[in-house]
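[1] What follows is a predicted structure for the sequence shown.
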Amino acid sequence: MRPGDSVPELTLPDTEGRSHSLSGDGVTAVVFTCNHCPYALAWHDRIAGVARDYADRGVRVLAVNPNDADRYPADSFDAMKERVAADGGWPLPYLRDESQEAARAFDAKTTPDVFVFDADGRLRYRGAPDSDHRDASRNAAWLRAALDATLAGGEPDEPETRPVGCSIKWKS
Amino acid sequence: MKVELLWWEGCPSYPEALEDLRQVLREEGLDPESVEVVEVVSDEQADRERFFGSPTIRIDGNDVVPPPEGDPVGLSCRVYRLRDGRPSPTPDLEDVRDAVRRRAYASR
């Protein structure tokens, strides 16, 4: 999926029993992520911070776990629910992509892999949350810059960066 | 002293871990090029090697950060904890240094 492409029309369930359309109204960030990957874990708090900080501007941030739970039980739907409950809830919904249809439609590569869509459902940014998983002070700067530019009706300075993380665990 | 770094291609952290490991060896007066780098490519090899995820660093067969009891072996990315508690794809540099020092002193 490249900048300018349309968001796929898909609906996925979250850990709280609700369904979410990936192509809903408003600016939307879809973040492929998971429970077992250290990169996803390292960036999680920064992405959750983005969800909190942009909620009042109408931005939806959706976390999507597509990994094969047969080979990676830590990524099962039950394990996702347990993680959210253990955290006392998340500021963003945590969606299960059991069929991996969403990950395939987005051509997601890693966890995390970030996609930002404008209100018309056009991809404006794809890549990493920021430049260094080790440095929390980076604060998901690339994702925030992409949201700021998209909310202002413009283009991010960098519409694509290289996603960094664990490979998506595809079903065989 | 035998220093091994085992890795799997599904996890991109091994170059960073190798760089950290070589830095520690260099700073401790040991040969940074002595690291044996082993790619783990199958579940069978992971079982055989007792591979708890990528990257795994062993010194004389001892994991620099022993995994918790019951952790499964297999092809996955390993989650380490830095000394400040944050999750990380690579071990804390100081944990690697402590392990190197323990083995270096034990072998003298």
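    Arrived safely. Numbering: from 1, shown residues only, chains lettered A, B, ... in the order given.
[2] Residue 80 - how many residues pack around it?
    As the question left the chain open, I've gone with chain A. 21 (other C-beta atoms under 10 Å in any protein chain shown). Yep, even glycine has a C-beta here, placed from its N, CA and C like the rest.
[3] meant chain B, my bad for not saying
    Residue B:80: 20 surrounding residues under other C-beta under 10 Å.
[4] Residue A:31: what secondary structure?
    strand (DSSP: H, G, I helix; E, B strand; the rest coil).
[5] shouldn't it be in contact with residue A:66?
    No. With contact defined as C-beta atoms under 8 Å, residue A:31 does not reach residue A:66; the gap is 11.3 Å.
[6] Just give the closest residue to residue A:38, not the sequence neighbours.
    Closest residue in space to residue A:38, ignoring its immediate chain neighbours: residue B:89 at 3.9 Å, by C-beta to C-beta, 6 or more residues apart in numbering or on different chains.
[7] Might one say that the one you found is in contact with residue A:133?
    Yes. With contact defined as C-beta under 8 Å, residue B:89 counts as touching residue A:133 (7.2 Å).
[8] Identify the contacts common to these two.
    Counting by C-beta atoms under 8 Å, 6 or more residues apart in numbering or on different chains, the common neighbours of residue B:89 and residue A:133 are A:39, A:42.
[9] Say whether chain A is contacted by the host helix or strand of residue B:4.
    Using DSSP states H and E, residue B:4 sits within strand B:3-7. No. Judged by C-beta under 8 Å from any C-beta of the partner chain, strand B:3-7 and chain A are separated, with a smallest distance of 12.7 Å.
[10] do stretch B:56-70 as well
    No. Remark: stretch B:56-70 sits outside contact range of chain A, by C-beta under 8 Å from any C-beta, the gap being at least 12.5 Å.
[11] quick one: buried residues of that stretch?
    B:56-59, B:63-65, B:67 (16 or more other C-beta atoms under 10 Å in any protein chain shown).
[12] hmm, who's touching that stretch?
    With C-beta under 8 Å, 6+ apart as the criterion, stretch B:56-70 contacts B:1-7, B:17, B:21, B:52-53, B:78, B:80, B:91, B:95-96, B:99-100, B:103, B:107.
[13] and the nearest residue to residue A:35 once chain neighbours are set aside, how far is that from residue A:131?
    Nearest residue to residue A:35 in three dimensions, chain neighbours excluded: residue A:74, at 4.8 Å (C-beta to C-beta, 6+ apart). Taking C-beta to C-beta, to the nearest Å as the measure, residue A:74 and residue A:131 are separated by 27 Å.
[14] And the two? Which one has more around it.
    residue A:74 (17 against 11).
[15] who's in contact with the closest residue to residue A:30 other than its chain neighbours?
    Distance criterion C-beta to C-beta, 6+ apart; nearest residue to residue A:30, sequence neighbours excluded, is residue A:115 at 4.6 Å. By C-beta under 8 Å, 6+ apart, the contact list for residue A:115 reads A:1, A:7, A:29-32, A:106, A:108, A:123, A:125-126.
[16] I appreciate the help and will end here.
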